[in-house]
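Student: Have a look; sequence and predicted model below, questions after that.
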Amino acid sequence: MQIDQFSVVEPGRIEVQKADLDEKVQPWEVLVETEYSIVSAGTEGAGFSGLVKQMPFGDAGQYPRGTGYGNLGTALEVGDAVEGVAAGDRVLSFSRHASAVKADARRMVMPVVKKAPGQHMVFARMAGVSIAALRSSSVQPGDKVLVVGGGLVGNFACQLFRFAGAEVMLADLSDRRLQQARSCGVERTVNSGREDLEAAVGDWTDGAGVRIGVEAIGISEVVAQTVMCTARYGEVILLGSPRAPATFDVTPMLLRIHLEAIKMIGALEWRWPQHVTERTRDLDANYRQIAGWIAAGKLVVEPLLTHLAPPADCQQMYDGLTSQKEEYLGVVFDWSR
């Protein structure tokens, strides 16, 4: 089978290339014809821009490189060892941007409903990252939660903490992203480029700080800022993955963590069990819950879909996500176009 797929040829340049895909599936694979794929501005942006070369793990930034994050499509053929998936199902998987893929069910291939718009359902991939912040925290109804970073991951984190009964404040530098968050039901927002974030949090919490601070960008300086806004015995959740070197004095942050007994918790989704174990919380369950909420309209997606593009526009879309963040938030590729 000949397919179209994205290739990052070199930092800053991406194109659609032809490739041959062997249609024979291994026992753990599912052959999927793609409907939609979604871009992760953080993870994929690091590969597109070359920032991945600074990261202390992975492939050290080898090019050319494939790219992808979330794929939604129709299962054409299912390996013998795959359970719960049948040919004809609409499935969500952790697969690359391509017109067809062989999805690895050992990671995740999950059936989702067909009645909901596919360009919305594929956002479950991004919200599945966000739910790790909720799962890893000890949030209780009525807690005050600060989320710093209004991208897709931060927006969904706000929505999910609200589901848990928390009061939520979102901080971002973009007025547009703050407006998009308000359209998703996030009532309390602050532009931290114009306002003093610590002062805004202090006013909101009567000087105590928030019970839970969530850093949803992956910038070390913002982690420090989040710590400074967190209350004694509070929690700071690292939802973003820091990629660039820190260039500031970390001592004030560490001193506050020490003096105020603040917990710092990593919230990488892959640290949850991928499939059902003796634990009740697992990655599959997270995504089933997220997909159900999106299909039911409880988790708001529509304001976040800023660009529904044909694959041929990939260069423009990746350029926008990395250099025009005010305009580009949710980018989904429609593989029928």
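Tutor: Here it is on my side, so go on. Numbering: from 1, shown residues only.
Student: ok, and what's touching stretch 187-204?
Tutor: In this structure, residues lying in contact with stretch 187-204 by CB atoms under 8 Å, 6 or more residues apart in numbering are 144, 146, 148, 150, 167-175, 178, 181-182, 209-210, 225, 228-229. Where C-beta positions appear, they are placed from N, C-alpha and C, glycine not excepted.
Student: redo that, cut-off 6 Å
Tutor: With contacts defined as CB atoms under 6 Å, 6 or more residues apart in numbering, stretch 187-204 is touched by Met169, Leu170, Ala171, Leu173, Leu178, Ala181, Met228, Cys229.
Student: show me the contacts for the third one.
Tutor: Applying CB under 6 Å, 6+ apart, we find Ala171 in contact with Val148, Val190, Ser192, Leu197.
Student: For the second one, which three-state class applies?
Tutor: In other words, Val190. Reducing the assignment at Val190 to three states with DSSP: H, G, I helix; E, B strand; the rest coil gives strand.
Student: Quick check, pLDDT for it.
Tutor: If you check Val190, the pLDDT there is 98.
Student: And the first one, by the same measure?
Tutor: At Val148 the predicted local distance difference test score is 98.
Student: Could you shift the numbering so residue one becomes 10, and keep it that way?
Tutor: With the count now opening at 10, the last piece we talked about shows up as Val157.
Student: got a list of what it touches?
Tutor: With contacts defined as CB under 6 Å, 6+ apart, Val157 is in contact with Ala180, Glu224, Val231, Thr235.
Student: Quick one: those as a markdown table, columns for secondary structure too.
Tutor: Below are the contacts of Val157 laid out as a markdown table (three-state DSSP):
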| residue | secondary structure |
| --- | --- |
| Ala180 | strand |
| Glu224 | strand |
| Val231 | helix |
| Thr235 | helix |
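Student: Could you work out the most separated pair of those?
Tutor: Using CB to CB, the pair of the contacts of Val157 lying farthest apart is Ala180 and Glu224, separated by 10.2 Å.
Student: you'd agree Val148 is up against Phe172?
Tutor: No. Using CB atoms under 6 Å, Val148 and Phe172 do not qualify as a contacting pair, with a distance of 10.1 Å.
Student: Nearest to Tyr242, out of the contacts of Ala180: which one, please.
Tutor: The shortest gap between Tyr242 and any of these belongs to Val157, at 19.7 Å (CB to CB).
Student: leaving aside the residues next to it on the chain, what's closest to the closest one?
Tutor: Here the nearest residue to Val157 in space, its sequence neighbours aside, is Ala180; by CB to CB, 6 or more residues apart in numbering that works out to 4.8 Å.
Student: ok, which stretches of the stretch 110-259 of the chain are strands?
Tutor: Under the criterion DSSP state E, counting those that start in this stretch, the stretch 110-259 of the chain carries strands at the ranges 118-120, 153-157, 176-181, 197-200, 219-224, 239-247.
Student: Can you pick out the residue with more neighbours from Val148 and Phe172?
Tutor: Residue environment comparison for Val148 versus Phe172 gives the larger neighbour count to Val148, 20 against 15, counting by other CB atoms under 10 Å.
Student: Okay, now the unreliable bits of the stretch 60-209 of the chain?
Tutor: Counting by pLDDT under 70, the low-confidence segments of the stretch 60-209 of the chain come to 62-69.
Student: try 90
Tutor: By pLDDT under 90, the low-scoring segments of the stretch 60-209 of the chain are 60-71.
Student: All the helices of it, residue numbers only.
Tutor: Under the criterion DSSP state H, counting those that start in this stretch, the stretch 60-209 of the chain carries helices at the ranges 127-130, 133-145, 161-172, 184-192, 206-214.
Student: Among those, single out whichever gets nearest to Gly54.
Tutor: Closest approach to Gly54 among the helices of the stretch 60-209 of the chain (CB to CB): helix 161-172, 11.8 Å.
Student: If you count contacts, what does the closest one end up packed against?
Tutor: The contact analysis (3 or more CB pairs under 6 Å, 6 or more residues apart in numbering; DSSP states H and E) places helix 161-172 against helix 133-145, strand 153-157, strand 176-181.
Student: which other residues reach that helix?
Tutor: Helix 161-172 is contacted by residues 135-136, 138-140, 142-143, 154, 156, 177, 179, 190, 193, 195, 223, 225, 308, 339 when judged by CB under 6 Å, 6+ apart.
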